[in-house]
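>>> Sequence below, structure please.
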Amino acid sequence: MFNQILNRLPRRDQIVPVYAVIAFMMFSWMIAISLWKIPSWLYFQTFPEILAILAYAYAEIFVESLLILGVLLAICFLLPPKFLKDDFALRGIWTAFTVIGTMFLYVDLLFQTSLPIGAWLIGALLLASLLSFASARIGWLAKAVLQIADRLIIFLYILIPVSLVSLLTVLILNIK
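Reported below is the predicted structural model:
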């Protein structure tokens, strides 16, 4: 039974590049927003309070990125292997990139667009499907995307320890 479940999921070397892209995008967005807000925080918060806010933010982004990866793995588990499992790295990267990227764009344009979020998400999923299936057919595009994702793995050596320290900090702050 357990082997059947594992056979429905991709290998670890297929999962790590997808998580690297997800984590890089999520943490980059959080860092950009934090750098925008920190100067104003300095007027009314102490340095330990700012560090606590950043610890909460890192912990939240870590959990969110794992949830996004979990959703992709659940979709991979439910779909036939030829749809997502066989090219999980490539199709997962394109799905994560387009869905997360378009959601960032939607949040940025939230007050300037009248498009409902459901339509936006359906459009993002259609774009992700188009890009993932097209790049599977275009060799140089698939190679380029996988090379970029492979290089983003280096950020996991920084992001995961910082996230774990942030989670520990959040736990300690909430125990007090």
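>>> make it CA atoms for all contacts and neighbour counts henceforth
OK.
>>> downstream neighbour of the helix or strand residue 35 falls within in the secondary structure list?
Residue 35 belongs to helix 12-41 when assigned by DSSP states H and E. Downstream of helix 12-41, the first helix or strand assigned by DSSP H and E is helix 47-78.
>>> now what about the very next helix or strand once past that following helix, what contacts it?
As assigned by DSSP H and E, the chain's next helix or strand after helix 47-78 is helix 88-108. Around helix 88-108, the neighbours that count as contacts under CA atoms under 8 Å, 6 or more residues apart in numbering are 10, 14-15, 17-18, 21-22, 25-26, 72, 76, 84, 117, 120-121, 124-125, 127-129, 131-133, 135-136, 142, 145-146, 149.
>>> Identify each buried residue in helix 88-108, please.
Of the residues in helix 88-108, 88-103, 106 count as buried by neighbour count, 16 or more other CA atoms under 10 Å.
>>> Just the angle for the helix or strand following that helix relative to helix 88-108, thanks.
Going down the chain from helix 88-108, the next helix or strand is helix 117-137, by DSSP H and E. The directions of helix 117-137 and helix 88-108 differ by 150 degrees, with axes from the mean of the first three to the mean of the last three CA atoms, to 10 degrees as the criterion.
>>> Now do helix 117-137: which elements does it pack against?
Packing partners of helix 117-137 (3 or more CA pairs under 8 Å, 6 or more residues apart in numbering; DSSP states H and E): helix 88-108, helix 139-175.
>>> still on that earlier bit, what residues of the helix holding residue 35 count as buried?
14-27, 30, 34.
>>> where does this structure have low pLDDT?
Applying pLDDT under 70 to the chain flags residues 1, 5, 84-85, 110-111, 113, 176.
>>> so who does the spatially most central residue of it touch?
What sits nearest the mean C-alpha location of the chain, by CA atoms, centre = their mean, is residue 22, with 2.3 Å. With contact taken as CA under 8 Å, 6+ apart, residue 22 is in contact with 65, 68-69, 93, 96-97, 100.
>>> just residue 148 next, same as before
By CA under 8 Å, 6+ apart, residue 148 has no neighbours at all.
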